[in-house]
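K.L.:
Provided below for reference: sequence and predicted model.
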Amino acid sequence: MTFTFLESLRYRRVLANRVIFRGSLPDTSILKFSEITIGGILIGLMVFFFTLAIEKLLYLNNVSNVPGLFGILTTSIIWLQPWIIVFLKSIRNHERLHLSLIHNFSFKQRLVANIALAFFLSLGLTYSFIFGSREHITPELHSGWMSVVYKEIIVTETNKQPFFILWILLTIGFTGIPYITQQQRYSKSKTIYKSHSLPFTLWLGESTGWFSDYLRETSIAPKQHLALSMHDACQNVLVLGAMDAEKTTRMIHPLLLQLFDQFAGGLIFDIKGDLQTAVHYCATQTKRSYTIVEPGLIRMNLIQGLTPELAASFLKSAFSLSDEFKAERSSWIDTATELCRNALGVLSFTPQHYNLQGLYRYLFESDFQKERMGNTELLVPLLDTKQQCLFEGYRQHQKGIFDQLDEKIKSDVLATLSEILSPFKNFDLANTFCTESEEIKEEKILEGAIYLINLPLSSFGPEAKVIYTLIKLRFFNVMQQRTLNVHWDQTRPVFFMCDEYQEFVSVNKEGLSDLNFWDKTYNSKTIGIISAQSISSFYEALGDFTLVQALLQNFRQKICFRTEDEMTITFFRQLLDNVVTSQVVTVDEDSFVYNPFHVIHTKKSIFNGQLFKEMETNKAVALLTINGHAADDVLKVEPSSCVTHHLPP
């Protein structure tokens, strides 16, 4: 049966393990079916003849059934090998017994193991029943060292029939029912594309068991389909990889398609201009709609519905993206933020000018400022006392505080503000992002709306960063308010997806920013999926590795494709830590050491930079948190078919 890529993802979600197995899976190739079957019979015959020889040598009487019994028991124990391996794996890895591990063996291997298991259980159940009624025991033994054993295990012909019936029924039960249910499960999963009844999961890839020999407590056994539940996905996903590592086609696109398929609402930033084709493909495959936000196509006001204080705090995060402000980060940002807050406060009394274009004109066009002041002063008598006090405070700030500053500071702050706000003089940008409209409302995301913000940095430059930052912070604000508004949808998953996220990452400690939002996403059902080329990219943007660590620790699902970045390799190496290995060495005979052997404990890195650099494009290191437990492995990932489809003309 041929699957589309969407159907294949649904199929893999069904196959995804509900329980993650640690260490190595049972080695199903130790003995093949023929080796188990024939070997068990031959060894059983050997035990039979050996026991028979002992019987003849010791002149034992009336124990002619014992050699045959011993042979059957030996054969059955050998046939039990798959079950024995499953039990031993559980003991070795100090974990509870997972009976589903038996399905890693072939059907034939399970068949002979279940026949042997049914034999022992039938034997035990049959003779437990017989022990309850002593008249069924055959007292034919006279004497001998096997008399007690023989008395307990030999039955009359009338009791053999229920034994064999029970043996057959248990064999069918152990082998047939799980096989049938498993086939039904797979059959259902193959046609699951006709249904949307699956629980929310995001399939990531198939485990390879790369670390199973080193990290017994956190490693993942191979050949398991791994998927994130809602709880796991809301702990956010970080995807790293070099430019040609195919992280977008092998991780971002499959995740995007699954989010569309599961009716999640979302906000997508297309800062490179290469996601629109994939979004269109996902919408077409899942029969869903989305809204493109770009100049000339749709209208919105970036500060609509925000108080002057909240809007100014959002602008503060945007100011931190400016190279000029980075040089004098603290004082300049605070001065500019306070100036914008009070200017917006004045404009808030004339709502038609409460936008970023109005803010620019108020700060840099004296005639516009005087006009706004005059019009607002006419409204003052109509305001209540509280509003009058607010207006007076807003109006007095510029004359009473900002104008008293050193001329150089004022000119530098205004020059940088002009750099950030002047793009909104542009007609297309002003018409798109400074116009009162109901076309774009972030609250609609909670109802399943998906917005694609299409502002490639190569086309729009620094002003795009400001727009992206403000839209991102508006999204953060809505998601934080979600749990407080009981009338809003509280169950639908909502995602945020962005590539090259370091371009507008914000770490405003006093207001809403990336630093204090992503650690609270679980309650609001928010799934953050961001990608970048390396850890160095974040360090270059923030300039402080402590801030980088504080930010990225909120992205618990870390996936890294091939990379040459030393900071990224070191980052993952520290998270995985080293493995302590032991080596026994022989001590020199002339040494005055009582023990001729010495054990040396050394730390060994799980992988080095060379392995990271040479990793295949279909492999990615994954440090995950699944069901509240660490799960580390190298995943085998699949490329999406989104890139083979094109937008309609």
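P.N.:
Okay, I see it.

K.L.:
need the strands for the stretch 301-450 of the chain, in chain order.
P.N.:
Along the stretch 301-450 of the chain, the segments classed as strands by DSSP state E, counting those that start in this stretch run 450-453.

K.L.:
got any ranges where it has weak pLDDT?
P.N.:
For the stretch 301-450 of the chain, the stretches with pLDDT under 70 are 322-331.

K.L.:
which ones are touching Cys560?
P.N.:
Val239, Leu240, Gly241, Thr568, Phe572, Phe612, Ala620, Val621, Ala622 (C-beta atoms under 8 Å, 6 or more residues apart in numbering). Every residue, glycine included, has its C-beta placed from N, CA and C.

K.L.:
what do you get if the cut-off is 6 Å, keeping everything else the same?
P.N.:
Leu240, Phe572, Val621 (C-beta atoms under 6 Å, 6 or more residues apart in numbering).

K.L.:
again, but for Val413
P.N.:
Val413 neighbours (C-beta under 6 Å, 6+ apart): Trp332, Thr335, Ala336.

K.L.:
can you redo those residues as CSV with distance to Arg250 and neighbour count?
P.N.:
Shown next, in CSV, are these (distance: C-beta to C-beta, whole Å; neighbours: other C-beta atoms under 10 Å):
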residue, distance to Arg250, neighbour count
Trp332, 42, 20
Thr335, 46, 19
Ala336, 42, 24
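
K.L.:
And Val237, how close does it get to Leu635?
P.N.:
13 Å (C-beta to C-beta, to the nearest Å).

K.L.:
Skipping adjacent residues, who's closest to Ile440 in space?
P.N.:
Spatially, and ignoring its direct neighbours in sequence, Ile440 is nearest to Met300 (4.0 Å; C-beta to C-beta, 6 or more residues apart in numbering).

K.L.:
out of Val237 and Leu635, which sits in the more crowded spot?
P.N.:
In terms of neighbours (other C-beta atoms under 10 Å), Val237 is the more surrounded of Val237 and Leu635; the figures are 26 against 22.

K.L.:
Quick check: phi and psi on that one?
P.N.:
In terms of degrees, to the nearest 10, the main-chain angles of Val237 are phi -120, psi 130.

K.L.:
beta partners of it?
P.N.:
Val237 forms beta bridges with Ile529, Gln557, as assigned by DSSP bridges.

K.L.:
Run a quick check on it versus Ser531, I expect a contact.
P.N.:
No. Using C-beta atoms under 6 Å, Val237 is not in contact with Ser531; the gap is 8.6 Å.

K.L.:
ok, the closest residue to Thr201 other than its chain neighbours to Leu259 distance?
P.N.:
Of all residues not flanking Thr201 in the chain, Ala227 sits nearest, at 4.1 Å (C-beta to C-beta, 6+ apart). Going from Ala227 to Leu259 by C-beta to C-beta gives 13 Å.

K.L.:
And Thr4, by the same measure?
P.N.:
For Thr4, the distance to Leu259 (C-beta to C-beta) stands at 17 Å.

K.L.:
Show me which of the two is the more surrounded one.
P.N.:
Leu259 (25 against 11).

K.L.:
show me what contacts the closest residue to that one other than its chain neighbours?
P.N.:
Using C-beta to C-beta, 6+ apart and skipping the chain neighbours, the partner closest in space to Leu259 is Phe495 (5.2 Å). Counting by C-beta under 6 Å, 6+ apart, Phe495 touches Leu259, Ala264, Gly266, Ile527.

K.L.:
again, but for Ser506
P.N.:
Ser506 touches Ser317, Ser513, Asp514, counting by C-beta under 6 Å, 6+ apart.

K.L.:
The last one: neighbour count?
P.N.:
Translated: Asp514. Quick note: Asp514 (other C-beta under 10 Å) scores 25 neighbours.

K.L.:
same check, this time on the first one
P.N.:
The criterion is other C-beta under 10 Å. On that basis, Ser317 has 27 neighbouring residues.

K.L.:
That one and Asn508 touch, don't they?
P.N.:
Yes. Counting by C-beta under 6 Å, Asn508 is a contact partner of Ser317 at 4.6 Å.

K.L.:
got the phi/psi numbers for Pro295?
P.N.:
phi -60, psi 130.

K.L.:
I'd like to know how far the closest residue to it other than its chain neighbours sits from Glu294.
P.N.:
Counting by C-beta to C-beta, 6+ apart, Asp428 is the residue found nearest to Pro295 once chain neighbours are left out, at 4.0 Å. To Glu294, Asp428 is 9 Å away according to C-beta to C-beta.

K.L.:
picking up where we left off before, and the contacts of Cys560, which are buried?
P.N.:
Among the contacts of Cys560, those classed as buried by 16 or more other C-beta atoms under 10 Å are Leu240, Phe572, Val621.

K.L.:
Okay, and which of the residues you listed map to strands?
P.N.:
Within these, residues falling in strands by DSSP state E are Leu240, Val621.

K.L.:
ok, of the buried ones among the contacts of Cys560, which one's closest to Leu421?
P.N.:
Proximity of the buried ones among the contacts of Cys560 to Leu421 (C-beta to C-beta) peaks at Leu240, which lies at 33.6 Å.

K.L.:
contacting residues around that closest one?
P.N.:
Contacts for Leu240 were tallied using C-beta under 6 Å, 6+ apart; they are Cys560, Thr568.

K.L.:
ok so, going back, does the residue nearest to Leu259 sit in a helix or strand, and which one?
P.N.:
Secondary structure assignment for Phe495, by DSSP states H and E: strand 494-498.

K.L.:
Parallel or antiparallel, which strands does that strand pair with?
P.N.:
Strand 494-498 is paired, per DSSP bridges, with strand 265-269 (parallel), strand 526-532 (parallel).

K.L.:
Turn these into TSV, including mean pLDDT and mean neighbour count.
P.N.:
Shown next, in TSV, are the strands paired with strand 494-498 (pLDDT from 0 to 100; neighbours: other C-beta atoms under 10 Å):
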stretch	mean pLDDT	mean neighbour count
strand 265-269	95	24
strand 526-532	95	24
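
K.L.:
Of all those strands, which one is nearest Ala116?
P.N.:
strand 526-532 (47.5 Å).

K.L.:
who does the following helix or strand past the closest one touch, helix- and strand-wise?
P.N.:
Later in the chain than strand 526-532, the nearest helix or strand by DSSP H and E is helix 535-542. Applying 3 or more C-beta pairs under 6 Å, 6 or more residues apart in numbering; DSSP states H and E, one finds that helix 535-542 makes contact with helix 545-552, helix 566-576.

K.L.:
Any idea how many residues pack against the closest residue to Phe571 other than its chain neighbours?
P.N.:
Sequence neighbours aside, Ile535 is the residue nearest to Phe571 in space, at 4.8 Å (criterion: C-beta to C-beta, 6+ apart). The number of residues packed near Ile535 is 25, by other C-beta under 10 Å.

K.L.:
Is it correct that Ile535 is in contact with Thr570?
P.N.:
No. Counting by C-beta under 6 Å, Ile535 does not reach Thr570; the two are 8.1 Å apart.

K.L.:
contacting residues around Tyr501?
P.N.:
Per C-beta under 6 Å, 6+ apart, neighbours of Tyr501: Ile530, Ala532.

K.L.:
Burial check on Thr546, number of neighbours?
P.N.:
Neighbour tally, Thr546, other C-beta under 10 Å: 8.

K.L.:
Could you check how far it is from Thr218?
P.N.:
Counting by C-beta to C-beta - Thr546 and Thr218 are separated by 25 Å.

K.L.:
Lys386 too?
P.N.:
57 Å.

K.L.:
more neighbours, these two?
P.N.:
Legend: neighbour count by other C-beta under 10 Å for Lys386 and Thr218, higher for Thr218 (17 against 8).

K.L.:
Read off the pLDDT value for that one.
P.N.:
Per-residue pLDDT puts Thr218 at 77.

K.L.:
The residue nearest to it when sequence neighbours are not counted in helix, strand or coil?
P.N.:
Nearest non-adjacent residue to Thr218, counting by C-beta to C-beta, 6+ apart: Ala630, 4.3 Å away. Following DSSP: H, G, I helix; E, B strand; the rest coil, the label given to Ala630 is strand.
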